[in-house]
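1. sequence first, then the predicted structure:
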Amino acid sequence: SQKQNNKGQNVNTYTKKKRGESHDEQRRMTSITRKMHWYMLRGKIARFLGTDFLLAFFLTTGWCAEQEYVTAGSVLLVNNRAFDLVTTAVGTDLIYRVVSNTGRLIVSVSCLVPFIVIGSLVGALFILQFLGILFSYFREDRAIRRILEPINEIALKADELSRLSFSEDKYQVIEDALEHIRPEQAEQDGPLSFGDSDLIGVEAAMNNLLLRMRDTLRQQSRFVNDASHELRTPIAVISGYADIFTGFIIPKYTVTNAAEYNEALLRVNSSSKQKVWMMPILESPDIVEPSTRTEVLGSIRNNINSMRDIVLNVRVGGNDFSNQFAARRHYDETIYDILPISQLLGDILAFFSRDYVVSGPVWEFFSSDNDEWKNGLRNELKLDRLNGFIGKTVIHPKQIPVVNEMLRVTNKDFEDAKSILNWDSSGLQVGKSFGGERMNEVRTHYNWARKIILLSELYGIN
């Protein structure tokens, strides 16, 4: 019943959005509406100007022909005609003259006043035409919006689909809102129709999208059920080893699978006696693309935030990112020497390191002739710590002591951190460090000091 009520509320919300033009609808239609208005306006102005010019031309030509006919009794094309500005005692005048090929003056008459009258008439006509354009604006606006209504309907439905997370309830809501969607008949007659022959191609694309969404929903539902079963099974198996079991690593955690992973972990926790942690690994190709990276990382962060209580750590997949650029570091190089990956790691840290523990990428080397790999690992760990990574995923027992050694806190840092956290708030908030080598400032070094104390408790002090 609650499910049906929620579905009904969502459908009502969608219906209200569909019936009343919202701000988002107006914003989508503004650009094309303005373009169509401008196109129509240019056409009207061009037609009116052309018509008015021809009218002025024919009126002027008719008046000149009439003057010539009245004076000379005929209009001969071989005569020479000209308009001259002359200065008289009362001012400047425009004279129309007709001279025969023999040089005889046939017509000489003032045309300034008639031309002013003709210009005034044509100007008044253009003003009336322009007012007509203004008055027709709103009527045309309604007509344009009626023309665009099918396209806007498609835009609304596409927005609904793009915001849809794949749950059965939400899919049912959009299915009902589209009115014609019948998944069991979709293969035969298609679920979506606007009744417009000009939109057949768009309808076909939308129908294909809806069918694929339906199939994807079914696949993802099976995935969630299977994943939940697979995750519950090992819990049942290791229930006797709860003291050593922590949680699950989530590979390739990204926008397209986060909801399913989250749902599976929630189901596992609901049936587990102890908290089961998750450690998402950020290593998928969609994070690499610079043009959408911010949007993708933001969406991933939102999904991780929804699971904040059971997120133990966030990992990054350095080798997966390196593979995207066909890059691989040697033991005398660090991941930060690969500039595209260095920038990518910086973006990940900017999104996650202030709220979560983010561990550094895997170091591949665990052996070399003179243990050069250890120096390489130390160099990368130094840069890891400097940039905000905490911890390192090890792939060989030989790496463990090197990682633990480099994550220990120096005595000077430890003493400075204690000093900053225990600072007298009533006194000067800036002072010398423990060794007298640098400045300690409470406000700007407070977060650093807290991290140093935590690291000292976990890894010790050198």
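-> Sure, I can see it.
2. drop to CA atoms for contacts and neighbour counts, all remaining ones
-> OK.
3. what is the burial count for L344?
-> Counted by other Cα atoms under 10 Å, the residues lying close to L344 total 19.
4. what helices or strands is the helix or strand containing L345 leaning on?
-> Element membership for L345, per DSSP states H and E: helix 339-352. Secondary-structure packing of helix 339-352 (3 or more Cα pairs under 8 Å, 6 or more residues apart in numbering; DSSP states H and E): helix 290-305, helix 318-324.
5. now tell me what touches that helix from outside.
-> With Cα atoms under 8 Å, 6 or more residues apart in numbering as the contact definition, helix 339-352 has outside contacts at 288, 297-298, 301, 316, 318, 321-322, 335-336, 358, 387-389.
6. can you flag the buried ones in those residues?
-> Buried members of these, scored by 16 or more other Cα atoms under 10 Å, are V288, L297, R301, V316, G318, F321, S322, I335, Y336, V358, G388, F389.
7. how far away is the fifth one from S299?
-> From G318 over to S299 the distance is 20 Å, taken as Cα to Cα, to the nearest Å.
8. and the end-to-end length of stretch 298-318?
-> End to end - Cα to Cα - stretch 298-318 spans 20 Å.
9. which parts of this protein are helices?
-> 2-19, 23-72, 112-163, 168-177, 186-189, 200-237, 258-270, 290-305, 318-324, 339-352, 372-387, 399-407, 411-421, 442-459 (DSSP state H).
10. just put those in TSV and tack on mean pLDDT.
-> TSV is the format used below for these (pLDDT from 0 to 100):
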stretch	mean pLDDT
helix 2-19	46
helix 23-72	78
helix 112-163	78
helix 168-177	54
helix 186-189	45
helix 200-237	66
helix 258-270	90
helix 290-305	96
helix 318-324	93
helix 339-352	96
helix 372-387	95
helix 399-407	94
helix 411-421	93
helix 442-459	93
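11. those: which one's closest to G427?
-> With Cα to Cα as the measure, helix 442-459 is the member of the helices of the chain nearest G427 (11.0 Å).
12. export the closest one to CSV, keeping only CA atoms.
-> Extracted C-alpha coordinates of helix 442-459, given in CSV (Å, rounded to 0.1, in the frame of the first residue of the first chain):
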residue,chain,number,x,y,z
VAL,A,442,47.1,27.3,15.3
ARG,A,443,44.4,28.1,12.8
THR,A,444,46.2,27.1,9.7
HIS,A,445,48.0,24.0,11.2
TYR,A,446,45.2,22.6,13.3
ASN,A,447,43.9,20.0,10.9
TRP,A,448,47.5,18.9,10.1
ALA,A,449,48.2,18.5,13.8
ARG,A,450,45.1,16.3,14.3
LYS,A,451,46.2,14.0,11.5
ILE,A,452,49.8,13.8,12.8
ILE,A,453,48.5,12.7,16.3
LEU,A,454,46.3,10.0,14.7
LEU,A,455,49.2,8.8,12.5
SER,A,456,51.5,8.6,15.5
GLU,A,457,48.9,6.5,17.3
LEU,A,458,48.6,4.1,14.4
TYR,A,459,52.2,3.9,13.0
